[in-house]
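Student: Let's see this in three dimensions:
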Amino acid sequence: MASGQKGQDPAVVQRLQELEKERHDIIMKMQELEQQRSEHRLVIQAFENLAAELEGSISRRCLQPRRSAAADSGHVRAGQSDSAARCGIPSGDR
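Tutor: Below is the predicted model of the structure:
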């Protein structure tokens, strides 16, 4: 303990020690939570990047020229556009 506490009541000294330990524990918990928050932000950013990448991939696939392999191979159902077939949209969902 600090030299200023030598003449203090032992109960007061004990209480100060308890409070200091509690303060230390709170600081450690705050640091732990901050680390978890940082990790969670990284995970969220990774998911957002993946979603944007997948969305871009789907958009690029859907915006291909009208003549597609699906149309050439006969996989386009009657009443379904080439772009709907490329995007996997059934003809009844439009």
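
Student: And for residue 37, the neighbour number?
Tutor: 10 (other CB atoms under 10 Å). In short, each C-beta sits where N, CA and C put it, glycine included.

Student: In which helix or strand does it reside?
Tutor: Under the criterion of DSSP states H and E, residue 37 resides in helix 10-62.

Student: What mean pLDDT does that helix get?
Tutor: In this model, helix 10-62 has an average pLDDT of 93.

Student: and that helix, what other elements does it pack with?
Tutor: When contacts are defined as 3 or more CB pairs under 8 Å, 6 or more residues apart in numbering; DSSP states H and E, helix 10-62 sits against helix 82-86.

Student: average pLDDT across the helix it packs on?
Tutor: What helix 82-86 shows for mean pLDDT is 57.

Student: Look at residue 58 and say how many residues are nearby.
Tutor: Residue 58 has 13 nearby residues by other CB under 10 Å.

Student: Distance-wise, check it relative to residue 52.
Tutor: Applying CB to CB, to the nearest Å, the value for residue 58 to residue 52 is 11 Å.

Student: Likewise for residue 24?
Tutor: Distance, residue 24 to residue 52, by CB to CB: 42 Å.
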